[in-house]
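In: Here's a sequence, model it:
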Amino acid sequence: MNFDIRAEWARRSWWMNLLFLFCLYMTFIYLPYDLFVKPVAADEEVWFGFVLHGWWAKATGLLHWLVYGAGAYGFWKMARWMWPWAAAYAAQVALSMLVWNLVDDRGAGWAVGIAAMAVFMLPAITLWRARSAFRTSIR
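Out: Okay, the predicted model is just below:
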C-alpha cells in the first residue's frame, strides 16, 4: 500500500485540514483522556451552552467522542453526509458560545457572547458554503 500524504492533504482546503486535525486530536487524544483518565468529579461537558458535571458529563462525553470520530472519518473520506452536518454542528457550537456566556457563572455576558458566537460562526458558514467539496468525494 502506497500512501501519499501530500495527495491526501491536497484533497481538502487548508482550513478543512485544520478541522480534520482538530477532529483527530479530539478523537484520539483529548476525549480518551477525558473519558478514561480525568476524575468524574472534575469532568465537564458543554451541550448547547449548558455545562454538565460528573457522571452526566462522562455519559455525554461518549456522544462527543462519537461526534468527533464521525467528523474525523467524514473529513478523511470527504464523505457526502458531512454536508450539512458539519456546518450544523459548527453553528450549534457558535450558538453554545453565546448561551454559555449568558447562563454560566464563568461567562462574560452579551458582548463577549456575541463576539465568541461571531468567531465560531466563521467555520459554520464556511462549511455550509463548501457543499461542492463534499460532493466531489472520490472515495
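In: Could you pull out the strands in this protein for me?
Out: 44-47, 50-53 (DSSP state E).
In: Which of these sits closest to residue 83?
Out: strand 44-47 (22.7 Å; CB to CB). Using the backbone N, CA and C atoms, a C-beta is placed for each residue, glycine as well.
In: May I have the strands that pair with the closest one, each with its orientation?
Out: Partners of strand 44-47 in the sheet, by DSSP bridges, are strand 50-53 (antiparallel).
In: quick one: contacts of the strand it pairs with?
Out: 43-46, 60, 99-100, 103-104 (CB atoms under 8 Å, 6 or more residues apart in numbering).
In: and the strands of the chain as JSON lines, adding distance to residue 120 and mean pLDDT?
Out: What follows is the strands of the chain, written out as JSON lines (distance: least, CB to CB, whole Å; pLDDT from 0 to 100):
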{"stretch": "strand 44-47", "distance to residue 120": "12", "mean pLDDT": "95"}
{"stretch": "strand 50-53", "distance to residue 120": "16", "mean pLDDT": "95"}
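In: Which of those strands has the highest mean neighbour count?
Out: Mean neighbour count, computed with mean count of other CB atoms under 10 Å, is highest for strand 44-47 among the strands of the chain, reaching a mean of 16.
In: In this structure residue 126 contacts residue 15, no?
Out: Yes: counting by CB atoms under 8 Å, residue 126 does reach residue 15; the two are 6.5 Å apart.
In: Can you name the two of the contacts of strand 50-53 that sit furthest apart?
Out: Greatest spatial distance among the contacts of strand 50-53 (CB to CB): 43 and 99, at 19.9 Å.
In: Quick check: residue 110 touching residue 102?
Out: Yes: using CB under 8 Å, residue 110 is in contact with residue 102, at 6.9 Å.
In: These two: which is more packed in?
Out: It is residue 102, of residue 110 and residue 102, that has more neighbours when counted by other CB atoms under 10 Å, with 15 against 11.
In: give the contact list for the more buried one.
Out: Contacts of residue 102 (CB under 8 Å, 6+ apart): 49, 109-110, 113.
In: Tell me the pLDDT of it.
Out: pLDDT for residue 102: 95.
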